[in-house]
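J.: Model the structure of this input:
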Amino acid sequence: MIRSRLVLVSILALPLLGVFSESPAWGEDDRSTEIVHYECRTDTTRREVTLFANGTVRVRDGAIGNEQMGLYELGPDELQGYLNRLGELDLTRDRSPDKGMEGAWVERCELRLQMPGKDLLTYRFGQFDSLQLNFSKVVNIAKELGGKVVIVQETNELPADYVPRPGDVLKRAGDGALFRIVAFTLDKKGIELRGVILPLEMYVITDQLRQSFVALVSRDTKKL
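T.: Residues are numbered from 1 along each chain as shown. Take a look at the predicted model:
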């Protein structure tokens, strides 16, 4: 249900009142609960794939300190399918491998898996290390998730021809926080946005969107 009221004078102050939660447990705030976190880096580059409990897949990739980011949303059935695949893998005997080849150009990786109701599992390994079977399947699932994300080249402003659509993820000016467009108000004069990671909702006057947001991070092509 799209709320039609536009108490914009007071609501537009909400971006300044960020609400943060500390290490939420499953069910408290799925937007910040990580299921899979897979990261590989060299001395100069980094690639990270994170699956959150709400179905958001985030990829950060590029030179360290200048990574580009993209997002993808799994549907409920798709998310459950990945949870089922991960839950079927018995990792009780899998361990981080012994260190193999090393060098400035060799990727060093870490994978964290936090399934609901289970302990956090953390593995560290190198690009050319031999991995045990089930653990290698988890790594392949993480890579598969990362392959779903298309990274949009960021600029310092929204594209000149940008037309906002529900599902678009925008980067807020100032703090770089990410917000997803949820809906327009009934009169189309306001836009409702929800934090991708921050548990925060806000409204922005449609004509003032460019003053609050500086980049289109991702677009849900399934809604086009």
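
J.: Only C-alpha atoms from now on, for both contacts and neighbour counts.
T.: Noted.

J.: which residues touch residue 219?
T.: With contacts defined as Cα atoms under 8 Å, 6 or more residues apart in numbering, the neighbours of residue 219 are 167, 168, 169.

J.: Do I have it right that the second one meets residue 181?
T.: Yes. With contact defined as Cα atoms under 8 Å, residue 168 and residue 181 form a contacting pair (5.5 Å).

J.: Need the residues touching each of the two.
T.: Common contact partners of residue 168 and residue 181 (Cα under 8 Å, 6+ apart): none.

J.: and which of the contacts of residue 219 is nearest residue 64?
T.: Ranked by distance to residue 64 (Cα to Cα), the contacts of residue 219 are led by residue 169 at 22.5 Å.

J.: Tell me what the residue nearest to that closest one when sequence neighbours are not counted is bridged to.
T.: Of all residues beyond its chain neighbours, the one nearest residue 169 is residue 180 (4.3 Å), with distances taken as Cα to Cα, 6 or more residues apart in numbering. Residue 180 has the following beta-bridge partners by DSSP bridges: residue 169, residue 194.

J.: For residue 180, list the residues it contacts.
T.: Residue 180 sits next to 166, 167, 168, 169, 170, 193, 194, 195, 196 when contact means Cα under 8 Å, 6+ apart.

J.: Whichever of those end up buried, select them in PyMOL.
T.: Selection command for PyMOL covering only the buried members of the contacts of residue 180, criterion 16 or more other Cα atoms under 10 Å:
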select buried, resi 166+167+168+169+170+193+194+195+196
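
J.: got the contacts of residue 180 as CSV, with distance to residue 112 columns?
T.: Formatted as CSV, the contacts of residue 180 follow (distance: Cα to Cα, whole Å):
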residue, distance to residue 112
166, 31
167, 28
168, 28
169, 25
170, 27
193, 30
194, 27
195, 24
196, 21
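
J.: Tabulate the contacts of residue 180 in a markdown table, adding columns for pLDDT and distance to residue 204.
T.: Shown next, in a markdown table, are these (pLDDT from 0 to 100; distance: Cα to Cα, whole Å):
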| residue | pLDDT | distance to residue 204 |
| --- | --- | --- |
| 166 | 93 | 14 |
| 167 | 91 | 15 |
| 168 | 91 | 14 |
| 169 | 91 | 14 |
| 170 | 91 | 12 |
| 193 | 94 | 8 |
| 194 | 92 | 11 |
| 195 | 91 | 13 |
| 196 | 88 | 16 |
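
J.: What helix or strand is residue 175 located in?
T.: Assigned by DSSP states H and E, residue 175 falls within no helix or strand.

J.: so how far is residue 198 from it?
T.: Distance, residue 175 to residue 198, by Cα to Cα, to the nearest Å: 12 Å.

J.: Compare those two (neighbour count), which wins?
T.: Neighbours were counted for residue 175 and for residue 198 using other Cα atoms under 10 Å; residue 198 has more, 17 against 7.

J.: Surely residue 110 forms part of a helix?
T.: No. Counting by DSSP: H, G, I helix; E, B strand; the rest coil, one finds residue 110 to be strand, located in no helix.

J.: count of residues packed around the nearest residue to it once chain neighbours are set aside?
T.: Here the nearest residue to residue 110 in space, its sequence neighbours aside, is residue 124; by Cα to Cα, 6+ apart that works out to 4.4 Å. If you count neighbours by other Cα under 10 Å, residue 124 ends up with 17.
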